[in-house]
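>>> Return atomic coordinates for the entry below.
(2 chains)
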Amino acid sequence: MIQPIEGAHSTTFSSDRDPEDLLPARMINELVYCPRLFYLMHVEGQFAESIDTIDGGIVHRRVDNGTGGLAPAEPCATQSFIPSADEDPAVIVPEATKPKKRRKSKHVQAATLFGDDDDDGSEAGEQEACEQQSDQDSDASEEAEDLPKTIHARSVTLSSESLGVIAKLDLAEATGSVVTPVDYKRGRPKRMADGTLAAWDPERVQIALQVLVLRDNGYQSDEGVLYFNETRQRVRVGVDEELLDLTRSAIAAARQHRESGQIPPPLVSSPKCPRCSLVGICLPEETRRLANIQQPPAAVRPLITARDERRPVYFNTQGMWIGKKDDLLQAKVEGKVVQEIRFNDINQINLFGNIQLSTQAIQTALGRDVPIGYFTQKGYYYGVSGGLGVKNILVRRQQFRLADDSEFCLDIARALVHGKIRNQRTLLMRNHREPDATSLRDLKRYAARALTADSLASLLGIEGIAARIYFGDFAGMLKVDCGVSTGGEGYVTAEKRPAFHFRSRNRRPPRDPVNAMLSLAYSLLTKDCLVAATIVGLDPHLGFYHQVKPGKPALALDLMEPFRPLIADSVVLSAINTKMVTADHFICAGKSVVMSDAGRKHFLLAYEKRMDSLVTHPLFDYRVSYRRLLEIQTRLLARRLSGEIEEYPVFQTR
Amino acid sequence: MRRIYLITYDVCDAKRLRKIFKCLRGWGDHLQYSVFECQLTDADLLRCKAEMADILHHGEDQVLVIDLGPAASRSATLVQAIGKPYSAMAAPCFVV
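Below is the predicted model:
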């Protein structure tokens, strides 16, 4: 699938291999760990951080520091190993500079002080070893026996044309003519039955690649070392024929996966999955359950964190100015700071109306993948700016291909409308004071009919009729103020404020408070679906059910159909029924009704409370928040597009 | 899952003190002099500690990280104040 791109390159660089085409050794490591992980990360270009990747980054700070991958000068013979200017040859640190060096070392190394409470004491005593402390502490005695000087080079990048591999050596130890690559790992080594330490296969393969690349560049190298930061132990990895075979087949497999464009299946109930940083993207067990392959898992392990730990922020005060100070968003009104919000706490910034956001704040937000949503003062949705970029171009290409397939579009659309009507019915059953049997029966009938609709047009008709039935009964779910409004006359309070009387859905502009709230809720939900689509890598503007119209986020609208009753309508009901929003919160302007600033604030809280509340997924039986659910459902749609699963499971609450 | 951490610091040098203060402002609420209350995920805690470790002088300064348990099941009496009021706000989003 990547063939054409490679072809294009090979015409330009006909003689040489395209540098892009070199496989990094780290990628091969991931392939041995899990082929699907390799595919997601290096073919689709997806990445997610987990505690392990962050820890790994911290462990690598020292080795990655400074040199920026400068390879040592051209090796003239197997003998010389010339460290480049900014390398860190520990052994030849002049005495005079030692104190300064030591402090630097302490600053960086100290990250680990928190991690290990067991050997802090001994470490502190060993400060003399300063520079070499981390690299060599565990076998200092062994190093001492080596008579020739050991020269160290950090962060050395070498490539091998014949293997088609590029490797970054965290640390290269050169003793005489022999170079030993040392790779830093955050975790702990594998402990064999006899108590000796060993390395895991992915790391062994990575070391083997480093050794091979060194040899290809004219160095002598027979073994490598893995340094495990958690236990501060070194494990030697000898490169034997068996390991070389494993390595060669891994390189071949990597090339094959890259060229096939076919995502490898997920691992089967693997103990690797729970700690994998991409588990939320890969959805291993969910995919296996839906893909109808052999031995689907009996129960889907809840591997995904149930909630998004970060929260959205809404700026709603007109004339506000928002800047950035350190790691904070600083909201000012008339020059006075009214609130500071940490960037670390937020996952979205939303602006209603005339609010200025500084370029610095925008840049920081986009750099952190925090999208910025724009709404008018009344709450109409404008759009989202995001540094989210295109996450997965392959699925997007598939989306564009399938959007032309009318049979496919109809298939997805049927399922969406069916799901929406079923969810509307469920909401009526749950919340109506006296659910009307006829309405429920009709909704059920139309839901079934949606599944057999023969065109998008007839589907629209079915959706319309169902909506009329549903909104006809909607007033029965409002349990405040409207007890007397069955006669049809609007209930108006003494101060001539509109109250919660609902007769039918109207919009542009909404003409009563309930409709105003519904409109705002749909605006917010559109924004969240659009963000979900973008995170997954889909184009939010090309839908399957909603028709393409410039500026219309058709896919986001598709995705939100089944969630309209469950999230938006439900928020409106709970905001009214729990009196979070009251009649005082609305302003009449001619025929239209808008929410006041205070009202919108309460409503936004109600909306986010709903998004944060946990719901049981009917297929996987675990509980996730609605916000997380939107993402999971969107990822499943992407799986449907890539052909990995046969049917898009529209979310239906039980 | 976020947990609540009380982070206190004792830093001997004015420059480093300011840096630590600035760093912690990005992670939690400033409760008192040299005391922050932070609600952090495991990953946040790791990052926060790494940031502080880069600033501190490990022979002279000290930071204590005190784990007060999961934020979700926070009890109302976890922190009690005498004197000026203390309030722990927990809202599903920020509205300004």
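>>> dump the residue contacts of the closest residue to chain A within chain B.
Using CB to the nearest CB, the closest approach of chain B to chain A is made by residue B:26 at 3.1 Å. Bear in mind the C-beta positions are built from the backbone N, C-alpha and C, glycine included. Contact partners of residue B:26, counting by CB atoms under 8 Å, 6 or more residues apart in numbering or on different chains, are A:326-328, A:342-344.
>>> Please state the offset of the longest helix that chain B contains from the chain centre?
For chain B, the longest helix by residue count, based on DSSP state H, is helix B:42-55. Taking CA atoms, centre = their mean, to the nearest Å, one finds the center of helix B:42-55 at 11 Å from the center of the full chain.
>>> average model confidence for it?
Averaging pLDDT along helix B:42-55 gives 91.
>>> May I see the buried residues of it?
Buried residues in helix B:42-55, counting neighbours by 16 or more other CB atoms under 10 Å in any protein chain shown, are found at B:42-53, B:55.
>>> Quickly note the distance from residue A:378 to chain B.
The spacing between residue A:378 and chain B, counted by CB to the nearest CB, to the nearest Å, is 16 Å.
>>> excluding its backbone neighbours, what's nearest that residue?
residue A:594 (5.1 Å; CB to CB, 6 or more residues apart in numbering or on different chains).
>>> pretty sure the one you found is in contact with residue A:516, am I right?
Yes - between residue A:594 and residue A:516 there is a contact at 6.1 Å, judged by CB atoms under 8 Å.
>>> Neighbour count: the two, which is higher?
Remark: of residue A:594 and residue A:516, residue A:516 carries more neighbours, 29 against 20, as counted by other CB atoms under 10 Å in any protein chain shown.
>>> Near chain B, which residues of the stretch 251-400 of chain A? Just list them.
The stretch 251-400 of chain A comes close to chain B at residues A:305, A:309, A:311-317, A:320, A:326-328, A:331, A:338-339, A:341-346, as judged by CB under 8 Å from any CB of the partner chain.
>>> let's see 6 Å
Where the stretch 251-400 of chain A comes near chain B, counting by CB under 6 Å from any CB of the partner chain, the residues are A:309, A:311-316, A:326-327, A:331, A:339, A:341-342, A:344.
>>> With chain A instead?
For chain A, the residues in contact with chain B under the definition CB under 6 Å from any CB are A:51, A:54-55, A:58, A:106-107, A:110-111, A:114, A:309, A:311-316, A:326-327, A:331, A:339, A:341-342, A:344, A:601, A:604, A:608-609, A:612.
>>> And the next helix or strand past whichever strand or helix holds residue B:20?
Under the assignment given by DSSP states H and E, the secondary-structure element containing residue B:20 is helix B:14-25. On the C-terminal side of helix B:14-25, the closest following helix or strand by DSSP H and E is strand B:28-32.
>>> can you pull the buried residues of that following strand?
Of the residues in strand B:28-32, those buried under the neighbour-count criterion (16+ other CB under 10 Å) are B:28, B:31.
>>> and it, what does it pack onto?
In terms of contacts (3 or more CB pairs under 6 Å, 6 or more residues apart in numbering or on different chains; DSSP states H and E), strand B:28-32 is packed against strand B:35-40.
>>> Paired strands for the strand it packs on, with orientation please.
Strand partners for strand B:35-40, identified by DSSP bridges, are recorded as strand B:3-10 (antiparallel), strand B:28-32 (antiparallel).
>>> Rebuild these as JSON lines, extending it with mean pLDDT.
Converted to JSON lines, the strands paired with strand B:35-40 look like this (pLDDT from 0 to 100):
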{"stretch": "strand B:3-10", "mean pLDDT": "93"}
{"stretch": "strand B:28-32", "mean pLDDT": "90"}
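>>> Quick one: mean pLDDT for stretch A:178-194?
Mean pLDDT, taken over the full extent of stretch A:178-194, equals 82.
>>> for stretch A:557-564, same thing?
Averaging pLDDT along stretch A:557-564 gives 92.
>>> With just CA atoms, put that stretch into PDB.
Listed next in PDB are the C-alpha coordinates belonging to stretch A:557-564 (Å, rounded to 0.1, in the frame of the first residue of the first chain):
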ATOM      1  CA  LEU A 557     -23.200  14.500  12.600                       C
ATOM      2  CA  ASP A 558     -23.300  10.900  11.600                       C
ATOM      3  CA  LEU A 559     -21.500   9.800  14.700                       C
ATOM      4  CA  MET A 560     -23.700  11.800  17.000                       C
ATOM      5  CA  GLU A 561     -27.000  10.500  15.800                       C
ATOM      6  CA  PRO A 562     -27.300   7.600  18.300                       C
ATOM      7  CA  PHE A 563     -26.000   9.900  21.000                       C
ATOM      8  CA  ARG A 564     -28.400  12.700  20.500                       C
END
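>>> about what we covered before: which residues pair with the residue nearest to residue A:378 across the strands?
When assigned by DSSP bridges, residue A:594 has beta-bridge partners residue A:587.
>>> My read is that it contacts residue A:380, right?
No - between residue A:594 and residue A:380 there is no contact under CB atoms under 6 Å: 10.5 Å.
>>> Tell me where the model's unsure across the stretch 351-500 of chain A.
In the predicted model of the stretch 351-500 of chain A, residues A:387-390, A:481-499 satisfy pLDDT under 70.
>>> Can you report how many residues lie near the residue in it that chain B sits nearest to?
With CB to the nearest CB as the measure, residue A:355 is the residue of the stretch 351-500 of chain A nearest to chain B, at 9.3 Å. If you count neighbours by other CB under 10 Å, residue A:355 ends up with 21.
>>> In chain A, what residue lies closest to chain B?
Closest contact between chain A and chain B, by CB to the nearest CB, is at residue A:327 (3.1 Å).
>>> What about that residue, how many residues nearby?
For residue A:327, the neighbour count with other CB under 10 Å is 19.
>>> Please apply the same query to the one 4 residues further on.
Each residue near residue A:331 was counted by other CB under 10 Å, and the total is 22.
>>> re the thing from before, for the residue of the stretch 351-500 of chain A closest to chain B, give me phi and psi.
Residue A:355 has phi and psi values of phi -130, psi 130 when expressed as degrees, to the nearest 10.
>>> Roughly how far does it sit from residue A:338?
To residue A:338, residue A:355 is 12 Å away according to CB to CB, to the nearest Å.
>>> What residues does chain B have near chain A?
Selection of chain B residues close to chain A by CB under 6 Å from any CB yields B:2, B:22, B:26, B:41-43, B:46, B:49-50, B:53-54, B:58, B:92-96.
>>> List the buried residues of stretch A:233-240.
Taking 16+ other CB under 10 Å as the neighbour-count basis, stretch A:233-240 is seen to contain the buried residues A:234-235, A:237, A:239.
>>> Please apply the same query to stretch A:254-271.
With the criterion 16+ other CB under 10 Å, stretch A:254-271 contains buried residues A:254, A:257-258, A:261, A:263-264, A:266-267.
>>> JSON lines for those, including pLDDT and secondary structure?
Conversion of the buried residues of stretch A:254-271 to JSON lines gives the following (pLDDT from 0 to 100; DSSP: H, G, I helix; E, B strand; the rest coil):
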{"residue": "A:254", "pLDDT": "84", "secondary structure": "helix"}
{"residue": "A:257", "pLDDT": "84", "secondary structure": "helix"}
{"residue": "A:258", "pLDDT": "82", "secondary structure": "helix"}
{"residue": "A:261", "pLDDT": "77", "secondary structure": "coil"}
{"residue": "A:263", "pLDDT": "84", "secondary structure": "coil"}
{"residue": "A:264", "pLDDT": "86", "secondary structure": "coil"}
{"residue": "A:266", "pLDDT": "84", "secondary structure": "coil"}
{"residue": "A:267", "pLDDT": "82", "secondary structure": "coil"}
